[in-house]
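> fold the following.
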Amino acid sequence: MARSGAIRLRGLSLIGFVTLAFAQQQPPPPVPAEAPRDQRQPPPPVPAGEASRLEPQTGQDDAEPLVHGPVHEAFAAPTAREPQPPPKLSDLPPQAPQEFPPPVAPEQDSEVARWIPGYWGWDARDQGYVWVSGTWRAAPPEMEWVPGYWATTEGNCRWVAGFWARRGEEELAYLPPPPAPQNEPPPPSPGANHFWVPGNWQYVEGEYRWKAGFWSEDRDDWVWTPDCYSWTPRGYVFMRGYWDLPLERRGLLFAPLKLKHDLVRRVSPTVLIDIRQALVHWFVAPTYRHYCFGDYYAITRGLPVVSWYEYGTTGPQYDAMLAYYSTHNAQSFGALKAKHKQCFVNASYRPPLVWSSYGRSNMGGLAYSIAGAQVPAGVVPFDFGAEFTNVLGYYSSVLSQRAQFERGAAVVAGRAPVFVQLDSFLPPGHGGLPPGLAKKGLIPPGFGGAPPGQAKKYIESFGPIAEKPGKGKGGGGKGKGKGR
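Residues are numbered from 1 along each chain as shown. Okay, the predicted model is just below:
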C-alpha cells in the first residue's frame, strides 16, 4: 500500500449464511497478562521548520470554541439498542474545513492513541451545524474506526453513524431491518461483580432469532459494549460486542467549534474538555446516536435530547456507559447525579455555552485552553509534522469508499443480505493509521475475534467471548477459539 493512504479495493460478493449456534458465555480478560503494551502510535515530532507550513491559518474570530455540543462518536457513542433511520434534515452541511490536529497529545504509555479527524455535527440546542473537533483516541483492542458521514438525497440529509469494526473479520454484512428489541427484565444478579448483557436479535439462516440476555462477570476498568445495529442507506450493519476503555482513559476530547461564516477553510481545536467534569452535564441524543455535553437542561425543541442519568441500564434504552459508571463506583456516580439534578433546578449551576464566557463564570475545571504556554495535566506537547497528511488521507479514503458502496440498492425486509470485503474500507492490521505510522497492536491477534475458520461469513454474535459453533445444523459447539 502506498503511503498516501489509498485502500485496496476487492470485489463484492453475495453469499449465503452458515448456521451458527446460540450460546451464553462469560467474557475473557480484556487484556491478557502477556499482552504487550506499546507507546502511542503517532510518529515522532519533526523539526519546527518542517512543520511550520502545516500550521492552521484560521483566525481566532472565525471559530468560536463551545462548552457544549455533540461528543465525537469515535470517542463515545450511546448504545444503539433499537436502531432507526435518523431524522431527515433540510439544511445540508457546509463544506468541511481542513482540520489540523492540536499541538498536544495524551500523556499515556499504556494505551495506543491515534488521531481521528472531526466532522460536521448537528446540535439540537443551536438548531444548526457545529464542527465536532477531532479526538485523540486509545482504540478498543483489535478494533478499527470506520468514520460516519452525511448522506444527502433530494435536498435532505441524514447522518450515517461511524462504528468500530473488528480487525481480522473479513466481511461486513448489510442486513434487513431488525425487529424491535424484546422487553426482557433481567433476573436477579448472581453477585455484585456481574453486569447485565442485554439480549439482541441475531440474523441466522435468513431470519432474525432472539438471543436472550445474561449476567456476565465484571472486569475492572473495562466497559463491555454489547451487540447492536447501525443504520446505513444500504441496510443495517451488525456490530458484535467488544471491550472498551472507560471514558477518562480513552484519550483527549476537544470542544466543538462554531464557525462564524462559510469561508472558514482551516480549523484546529483550542479547548480541551475534562471528561470527568463533563459527565456532570452528560446527555443523550438517541435518534442522532450521539452523546452531548453541556447545558441541555432546558432544551425543548429539535432532536430529542434526554438526560444520560435517566436513560437506562435495561430494556431498549440500555446504555453500556451508564451501566458501567453506575455499578463500578456507586458513590462517585451518585455525587455526579446529584450535581446533574442541581443543574436542572438551579440555572446558576449550569456551565456557559461558549468558551469566551467560560473564563468569567468561575465554573471550575470543565474546559481548558491548550493555546497557552502551559498545558493541563495528562497532556504533553506534540507535533504531528508532515505525517499528518497521511492520516488525513487515510480516513478520507475510508470514508469515501464506504459512502460510495452504501449508495447501492437498500437491503429491505425479505431481501438477502449484501456482503462487502471489510478491507474494501480498512486495510487489515494497520491500527487505523497508514503504513509507516502503525505499530504493533495492543492485544495479540485472536482476542475476542471470530474462532479459527469462522471469521468469514460471520454474522451471529457469540457474546463477550469467541466460541466455536457446532458443525451440525443448530448444534452447540464446545470448542473454544484461540486468544482466550
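> what residue ranges in the stretch 1-150 of the chain score low on pLDDT?
1-61, 108-111 (pLDDT under 70).
> how about residue 231, what does it touch?
83-86, 160-161 (CB atoms under 8 Å, 6 or more residues apart in numbering). No exception for glycine: its C-beta is placed from N, CA and C like everyone else's.
> can you give me the helices in the protein?
Using DSSP state H, the helices of the chain run over 48-51, 275-278, 320-328, 330-345, 355-358, 388-406.
> deepest of those, which one?
When you average the neighbours per residue for each of these (mean count of other CB atoms under 10 Å), helix 320-328 leads with a mean of 20.
> tell me, how many residues neighbour the residue lying closest to residue 66 once chain neighbours are set aside?
Leaving out its chain neighbours, the residue that sits closest to residue 66 by CB to CB, 6 or more residues apart in numbering is residue 256, at 4.7 Å. Residue 256 has 29 neighbouring residues, counting by other CB atoms under 10 Å.
> identify the residues contacting residue 256.
65-66, 68-70, 121, 123, 130-133.
> quick revisit: tabulate the contacts of residue 231 in TSV, adding columns for distance to residue 230.
Output for the contacts of residue 231, formatted as TSV (distance: CB to CB, whole Å):
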residue	distance to residue 230
83	6
84	11
85	11
86	11
160	8
161	5
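> and the residues you listed, which are buried?
When these are checked for burial by 16 or more other CB atoms under 10 Å, the buried set is 83, 86, 160-161.
> check contacts around the most centrally placed residue in the chain.
Taking CA atoms, centre = their mean, the centroid of the chain lies closest to residue 74, which sits 3.1 Å from it. Counting by CB under 8 Å, 6+ apart, residue 74 touches 116, 135, 137, 145, 147, 162, 164.
> my read is that the second one contacts residue 72, right?
To tie it back to what came earlier, the one meant is residue 135. Yes: using CB atoms under 8 Å, residue 135 makes contact with residue 72 at a distance of 4.4 Å.
> quick one: common contacting residues for the two?
Common neighbours of residue 135 and residue 72, using CB under 8 Å, 6+ apart, are 116, 118, 253.
> give me the spatial nearest neighbour of the second one, chain neighbours excluded.
In other words, residue 118. Residue 118's closest residue in space is residue 134 (CB to CB, 6+ apart), at 4.1 Å.
> point out where the stretch 251-400 of the chain drops to low pLDDT.
In the stretch 251-400 of the chain, residues with pLDDT under 70: 300-303, 314-315, 359-364, 373.
> mind running it again at 80?
When residues are selected by pLDDT under 80, those of the stretch 251-400 of the chain lie in 261-263, 299-303, 312-317, 359-364, 371-377, 383-387.
> I'd like to know how far residue 87 sits from residue 304.
Distance, residue 87 to residue 304, using CB to CB, to the nearest Å: 9 Å.
> mind listing the shared neighbours of those two?
In contact with both residue 87 and residue 304: residue 287, using CB under 8 Å, 6+ apart.
> just the ones in strands from the contacts of residue 231, please.
residue 160 (DSSP state E).
> what's the farthest-apart pair in the contacts of residue 231?
84 and 160 (13.0 Å; CB to CB).
> among the shared contacts of residue 135 and residue 72, which ones are buried?
116, 118, 253.
> ok, residue 146 - contacts?
By CB under 8 Å, 6+ apart, the contact set of residue 146 is 162-165, 398, 402, 425-426.
> likewise for residue 72?
116, 118, 132-135, 253.
> let's see it at 10 Å
116-119, 121, 132-135, 137, 162, 251, 253-254, 256, 290-291 (CB atoms under 10 Å, 6 or more residues apart in numbering).
> any idea how far it lies from residue 80?
Distance from residue 72 to residue 80, counting by CB to CB: 16 Å.
> so residue 171 makes contact with residue 421?
Yes: if you go by CB atoms under 10 Å, residue 171 and residue 421 touch, sitting 6.1 Å apart.
> before we move on, back to that, could I get the helices of the chain as JSON lines with distance to residue 153?
Listed next are these as JSON lines, based on distance: least, CB to CB, whole Å:
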{"stretch": "helix 48-51", "distance to residue 153": "40"}
{"stretch": "helix 275-278", "distance to residue 153": "34"}
{"stretch": "helix 320-328", "distance to residue 153": "32"}
{"stretch": "helix 330-345", "distance to residue 153": "38"}
{"stretch": "helix 355-358", "distance to residue 153": "35"}
{"stretch": "helix 388-406", "distance to residue 153": "12"}
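> and for the residue lying closest to residue 88 once chain neighbours are set aside, the neighbour number?
Once flanking residues are discounted, residue 88 sits nearest to residue 156: 4.2 Å by CB to CB, 6+ apart. Neighbour count for residue 156, taken as other CB under 10 Å: 13.
> just to check, residue 156 is in contact with residue 92?
Yes: checked against CB under 10 Å, the pair residue 156 and residue 92 is within contact range at 8.3 Å.
> and the residue lying closest to residue 119 once chain neighbours are set aside, what does it touch?
By the measure of CB to CB, 6+ apart, the closest residue to residue 119 outside its immediate chain neighbours is residue 132, 5.5 Å from it. Counting by CB under 10 Å, 6+ apart, residue 132 makes contact with 69-75, 99, 117-123, 254-257, 290.
> residue 132 and residue 297, how far apart?
Residue 132 is 21 Å from residue 297, by CB to CB.
> kindly report the same for residue 421.
Distance from residue 421 to residue 297, by CB to CB: 46 Å.
> same thing with residue 270?
With CB to CB as the criterion, residue 270 and residue 297 are 26 Å apart.
> pick out whichever of those two has more residues nearby.
The neighbour count for residue 270 versus residue 297, taken as other CB under 10 Å, is higher for residue 270 (21 against 17).
> any idea how far the residue nearest to residue 66 is from residue 271?
Going from residue 256 to residue 271 by CB to CB gives 9 Å.
> show me the common contact partners of those two, please.
What both residue 256 and residue 271 touch, as defined by CB under 10 Å, 6+ apart, is the set 65-67, 133.
> among those, which pair sits farthest apart?
Checking the shared contacts of residue 256 and residue 271 with CB to CB, the most distant pair is 67 and 133, at 12.5 Å.
> quick check: neighbours shared by those two?
The contact lists of residue 67 and residue 133 share 255-256, 271, 273, where a contact means CB under 10 Å, 6+ apart.
> closest to residue 226 out of those residues?
Using CB to CB, residue 273 comes nearest to residue 226 of the shared contacts of residue 67 and residue 133, at 26.2 Å.
> these two touch, right, the closest one and residue 291?
No: with contact defined as CB under 10 Å, residue 273 does not count as touching residue 291 (11.7 Å).
> ok, those two, which is more surrounded?
residue 273 (27 against 24).
> how far away is the residue lying closest to the more buried one once chain neighbours are set aside from residue 64?
With sequence-adjacent residues excluded and distances taken as CB to CB, 6+ apart, residue 273 is closest to residue 253, at 4.6 Å. In this view, residue 253 and residue 64 are 18 Å apart by CB to CB.
> how near is residue 80 to residue 231?
When residue 80 is compared with residue 231 (using CB to CB), they lie 8 Å apart.
> find residues that contact each of the two.
By CB under 10 Å, 6+ apart, residue 80 and residue 231 have these common neighbours: 161, 289.
> buried subset of the contacts of residue 256 as a PyMOL selection?
In PyMOL, this line selects whichever of those come out buried by 16+ other CB under 10 Å:
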select buried, resi 65+66+68+69+70+121+123+130+131+132+133
